[in-house]
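Colleague: could you work out the structure for the sequence below:
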Amino acid sequence: MNIKIKDPDLEFLEDGPWDELYALTKRWSTDIEFYRDDLWFLNQLIAKYMIWIIKSENLDLVNQMQRGLFELNKKSKDLLEKLSKHSIRLGQLVENPNSRDAGVIKLEHEHLEEEIAEFVKSFRKNRKEVFKLTSYIINSEELASIMGS
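Modeller: Have a look, this model is predicted:
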């Protein structure tokens, strides 16, 4: 005789909203792709003003900002790769919700959610800094008068 003991975690996982998590993962991927494109724009913005910089302290600020954007770009690529793999795993769970990997995949999803939240926080901070920096450089290098003529 086979006796099955109900594990509440497994019950939840059997009924887990795998299709919803799959859709959310796809949305995250789209969001990260948007941020990656915005990072490209921010790098172009910095490059445009960098050619006018004369003061070495401004060059140092720009180089520091570019390093931060480079790291964010690397992180976006890493996240997109992780999201792609996670999406495949979730797709498999949609097809077979009784997979033994369900618990691991749920933990992976939660971890990805935290990583994405941290990425977005860093992205927003860097974006604000880029705009502050370009404004500062325009004023400190007197670029407004050069560019307006």
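Colleague: pLDDT weak spots in this protein?
Modeller: 1-16, 141-149 (pLDDT under 70).
Colleague: can you show me the helices along it?
Modeller: 8-14, 18-50, 56-95, 102-140, 143-148 (DSSP state H).
Colleague: which neighbouring elements make contact with the longest one?
Modeller: For helix 56-95, the elements it packs on are helix 18-50, helix 102-140, judged by 3 or more Cβ pairs under 8 Å, 6 or more residues apart in numbering; DSSP states H and E. In this view, the C-beta of every residue, glycine as well, is placed from N, C-alpha and C.
Colleague: next, format the helices of the chain as a markdown table and append mean neighbour count.
Modeller: Formatted as a markdown table, the helices of the chain follow (neighbours: other Cβ atoms under 10 Å):
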| stretch | mean neighbour count |
| --- | --- |
| helix 8-14 | 12 |
| helix 18-50 | 16 |
| helix 56-95 | 15 |
| helix 102-140 | 15 |
| helix 143-148 | 10 |
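Colleague: now do the contacts for the residue nearest to residue 94 when sequence neighbours are not counted.
Modeller: Leaving aside its sequence neighbours, residue 94 sits nearest to residue 18 (Cβ to Cβ, 6 or more residues apart in numbering; 4.7 Å). Neighbour list for residue 18: 90, 93, 94, 97 [criterion: Cβ atoms under 8 Å, 6 or more residues apart in numbering].
Colleague: can you report how many residues lie near the last one?
Modeller: It stands for residue 97. By the measure other Cβ atoms under 10 Å, the count of residues near residue 97 is 14.
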